[in-house]
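J.: Below are the sequence and a predicted model; questions follow.
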Amino acid sequence: MKMSKVDLSFQSCKNTYEEADVVIFSVPMDATTSFRPGTRFAGNAIRVDSFGVEWYSPYRERDLNEFKTADIGDLDLPIGAVDDALEIIYQTTKQVLNDGKTPMMVGGEHLVSYPVIKAVFEKYPNLHIIHLDAHTDLRTSFFGRDLSHATFMRHVHKFVGDGKIFQFGIRSGEKPEFDWAKAGHVTMRKFDFEGLDKVVEHLKNVPVYITIDLDVLDPAVFPGTGTPEPGGMQYKDLLWAFDQFEKLNHLVAADFVELAPMLDPSGASTAVAAKTLREMVLILHKNLEKQSR
């Protein structure tokens, strides 16, 4: 794996790669960002701020330092070479999976989810995806690129197929994207998370990947993102979603993306991302316990 040499790790996640059950890695790429860049700096900003976040989650009633987690840092990606960067992300994810570990990826723009999901799908061909986002990400191309942050889920659909993608919180996109979703290719819930509990119950025993674009949150909660969309979720709504994710029995990988820390000088958005990472890592560990029973 190619990664940058960094001394920081997320909170207490200081196990070696060999020891770890869950592996955090961050992807410093915003090469196809179409509005405000800066997500390449998210991973290490979260690591710095994580020192102000308790290891214990009162929401999960669990403590991060009770579990074996490695943070392998930023991947070492070539600047401007999108296809080469996507291949490194894909190969890293494959290695983590082949080594029997659960990937937890931190973006980066949302395109970086594509190679991770592709690698996870190759191991779990019946993969289903829960996608929390303000945007559809279902365009066929964007600014002349087939693969971009605005098209990646349309490309994911090409290999997972109909009935495998469940989107929540969507409130922005072009009419053809919404029409294509309505045709039965993806299950889309606009504006909120209503029905997520029922989807989780439906997917309880199949392989599930969770991808969260943090711009699903309202800009009042999370202004530090490249394409903020008014009318979003509150953080308590996201915590409720985490409660639902805990009920899954075969959660195989997860990511969250689109923090651009410099766009929020208050630091509140980075704090939100750091808490989100803590919660998601604990949920992944709980899922591993279920699978080992």
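T.: Sure, I can see it.
J.: need the helices for the stretch 1-150 of the chain, in chain order.
T.: Using DSSP state H, counting those that start in this stretch, the helices found in the stretch 1-150 of the chain span residues 42-49, 82-98, 113-123.
J.: Tabulate those helices (a markdown table), appending mean neighbour count.
T.: Backbone N, C-alpha and C define where each C-beta goes, glycine included. Putting these into a markdown table (neighbours: other Cβ atoms under 10 Å) gives the following:
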| stretch | mean neighbour count |
| --- | --- |
| helix 42-49 | 23 |
| helix 82-98 | 18 |
| helix 113-123 | 22 |
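J.: of all those helices, which lies closest to Phe242?
T.: For Phe242, the closest of the helices of the stretch 1-150 of the chain is helix 42-49, at 16.9 Å, according to Cβ to Cβ.
J.: Need the residues that contact that closest one.
T.: 6, 8-10, 26-28, 71, 73-74, 106-108, 257-261, 267, 270-271, 273-274, 277 (Cβ atoms under 8 Å, 6 or more residues apart in numbering).
J.: Can you go through those and name the buried ones?
T.: For those, a burial check counting by 16 or more other Cβ atoms under 10 Å picks out 9-10, 26-28, 71, 73-74, 106-108, 257-261, 270-271, 273-274, 277.
J.: For the residue lying closest to Phe242 once chain neighbours are set aside, give its distance to Pro125.
T.: Once flanking residues are discounted, Phe242 sits nearest to Glu279: 5.1 Å by Cβ to Cβ, 6 or more residues apart in numbering. Look at Glu279 and Pro125: by Cβ to Cβ, to the nearest Å, they are 28 Å apart.
J.: Kindly report the same for Ile89.
T.: For Ile89 relative to Pro125 (Cβ to Cβ), the value is 20 Å.
J.: May I have stretch 59-76 exported as PDB, CA atoms only?
T.: C-alpha atoms of stretch 59-76 as PDB (Å, rounded to 0.1, in the frame of the first residue of the first chain):
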ATOM      1  CA  TYR A  59     -24.500   6.800  21.700                       C
ATOM      2  CA  ARG A  60     -22.900   3.400  21.100                       C
ATOM      3  CA  GLU A  61     -22.000   2.800  24.800                       C
ATOM      4  CA  ARG A  62     -18.600   1.600  23.600                       C
ATOM      5  CA  ASP A  63     -15.000   2.800  23.800                       C
ATOM      6  CA  LEU A  64     -12.700   3.000  20.800                       C
ATOM      7  CA  ASN A  65      -9.700   1.900  22.700                       C
ATOM      8  CA  GLU A  66     -11.300  -1.500  23.500                       C
ATOM      9  CA  PHE A  67     -11.000  -2.500  19.800                       C
ATOM     10  CA  LYS A  68      -8.300  -3.200  17.400                       C
ATOM     11  CA  THR A  69      -8.200  -0.400  14.800                       C
ATOM     12  CA  ALA A  70      -5.400   0.800  12.600                       C
ATOM     13  CA  ASP A  71      -5.200   4.200  10.900                       C
ATOM     14  CA  ILE A  72      -2.800   3.900   8.000                       C
ATOM     15  CA  GLY A  73      -3.000   7.600   7.100                       C
ATOM     16  CA  ASP A  74      -3.400   9.300   3.700                       C
ATOM     17  CA  LEU A  75      -2.800   7.200   0.600                       C
ATOM     18  CA  ASP A  76       0.000   8.500  -1.500                       C
END
